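Q: Let me see the structure of the following:
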Amino acid sequence: MTDAHSHLDSTIAEVWELLERIGQETADSPGITRAAWSRNEETAADHVRAFARRHGLQVLTDAFGNIQVLPPGTDPAAPCVTTGSHLDSVPHGGNYDGLAGIAAGLAVLASAAADPAGRAKPLRAVAMRCEESPWFGTAYLGSRLMLGLSTLDEIGDLVRSDSGKSLRHHLHHLGYPRAGEAAAPMLDSTLVTSFLELHIEQGPLLESDGFPVGIATAVRGNVRFPDARCIGAYGHSAALPRRFRQDAVLAVAELALGLDGFWKDRIARGDEDFVFTVGKFSTDAVQHAMTKVAGEVRFSLNIGATVETSLDAARAFLLDRIKVIEADRRVTFALGREVGTTPTALDRELMALLDDAASSLGIATRRMPTVGHDAAMFARAGIPSAVVLVRNAHGSHNSDETLDRDDFARGVHVLGRAMHRLADAR
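A: Predicted coordinates for the structure are as follows:
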């Protein structure tokens, strides 16, 4: 084991304290909230920069607040083996979704800085803004800007859900770009030879199957309708026979159960990678009542899959099912804007490298699909990418999200060993 790996346990202990401190300072009971380009997200960014500087690492910040951390003396334009994740959280979420991956990268770079051994390629860690979609209605804004997949001209007028202010406003309010500071370069496939992201698993598979670490096979794409409506007609609950009703609640419930049946059929055909969620479902608080047939329901749909054909089939089923329900129940569906991302395959060679790194450390792994992570944007930028998943007992996007310190350490050791092998390869 190299000196860098022997130093890793001590830096893991340090970054664990960093994780806990950021969690305490961004608490928003229940859970934590780090809104994209908010004061809380900036607090997390400040702690990341301070930690890196204490370890003698270079810290560069781009025009959008994304952070790059490099070994001392490294040319920012040098091709690097890169790792990292995102600073933000969902509202009242958990502390480790995103932030654990940043802490892991800091641990690997800090331990490597204590090892003077020469490498064919340097290492880089990144801390990105706004991966989560609730804030601006779409995901990956920080990594998209950092990688040049989107421009501020294209997305700068998007409005943050909680503040009603634009992305441009929030960047300006936080002082980005910062005058007088060396700016981090935009990243692309010439500057990033490979990208590895450590992330907590956001479902129950690793926990239920007894694996501390997973290796992602693909990032699910999705079809989303965040602002869908069903319009029926209000009526007296006791006076209106069924044949006269235009019940929006039952119409949406029927649609949801139809999609659930579609999901069961996918499973029966051997497709375990498809998912479907109605995340929002509400009647009008001004008009609804126990004694009224609901005349309107607002809801959301989120359909996910690892292959585009599954998304296409689900969308077609959805539209056909809506026609049947509209005719039968005399309601109208208005799905509103459709947003989403295409499924993203991850790099098979990097998957094998991570499996081998884990095996050499005596850590059992499980291959599995994963949900949206910034790694998908690196893959779309033509950069070989992979994701290390770490067991999480209570899922994610909730205040009960958890992470066992020993499991985190296992994941960081797998990440570190794989990054060093990539950096040593000539």
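Q: Spatially, and excluding backbone neighbours, which residue is closest to residue 76.
A: residue 185 (5.3 Å; CB to CB, 6 or more residues apart in numbering). Any C-beta I mention is one placed from the backbone N, CA and C, and that applies to glycine too.
Q: I'd assumed residue 77 was in contact with the one you found.
A: Yes. With contacts defined as CB atoms under 8 Å, residue 185 counts as touching residue 77 at a distance of 6.2 Å.
Q: Give me the common contacts of those two.
A: residue 191 (CB atoms under 8 Å, 6 or more residues apart in numbering).
Q: out of the two, which sits in the busier spot?
A: The neighbour comparison of residue 185 against residue 77 (other CB atoms under 10 Å) goes to residue 185, with 15 against 9.
Q: before we move on, what SS does the more buried one have?
A: coil (DSSP: H, G, I helix; E, B strand; the rest coil).
Q: Tell me how far residue 182 lies from residue 26.
A: 27 Å (CB to CB, to the nearest Å).
Q: neighbour-wise, which of the two wins?
A: A side-by-side neighbour count of residue 182 and residue 26, using other CB under 10 Å, places residue 26 first with 25 against 11.
Q: show me where the protein has helices.
A: 3-25, 39-54, 99-113, 141-146, 152-155, 167-174, 205-209, 248-268, 308-329, 348-360, 375-380, 405-424 (DSSP state H).
Q: Reformat those helices as CSV; add mean pLDDT and mean neighbour count.
A: Shown next, in CSV, are these (pLDDT from 0 to 100; neighbours: other CB atoms under 10 Å):
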stretch, mean pLDDT, mean neighbour count
helix 3-25, 89, 18
helix 39-54, 98, 19
helix 99-113, 96, 28
helix 141-146, 97, 27
helix 152-155, 96, 12
helix 167-174, 97, 18
helix 205-209, 91, 15
helix 248-268, 97, 17
helix 308-329, 97, 15
helix 348-360, 97, 18
helix 375-380, 95, 26
helix 405-424, 97, 22
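Q: out of those helices, which comes closest to residue 229?
A: Between residue 229 and the helices of the chain, the shortest separation by CB to CB is 8.4 Å, and it involves helix 248-268.
Q: For my notes, please list the helices of the chain in TSV and give distance to residue 289 for each entry.
A: Formatted as TSV, the helices of the chain follow (distance: least, CB to CB, whole Å):
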stretch	distance to residue 289
helix 3-25	42
helix 39-54	39
helix 99-113	44
helix 141-146	40
helix 152-155	41
helix 167-174	40
helix 205-209	42
helix 248-268	13
helix 308-329	20
helix 348-360	54
helix 375-380	44
helix 405-424	49
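Q: Most distant residue from the centre of the chain?
A: residue 239 (48.5 Å; CA atoms, centre = their mean).
Q: Show the contacting residues for the residue nearest in space to the middle of the chain.
A: Nearest to the mean C-alpha position of the chain, by CA atoms, centre = their mean, lies residue 373 at 3.9 Å. Residue 373 makes contact with 85, 131, 197, 199, 216, 219, 387, according to CB under 8 Å, 6+ apart.
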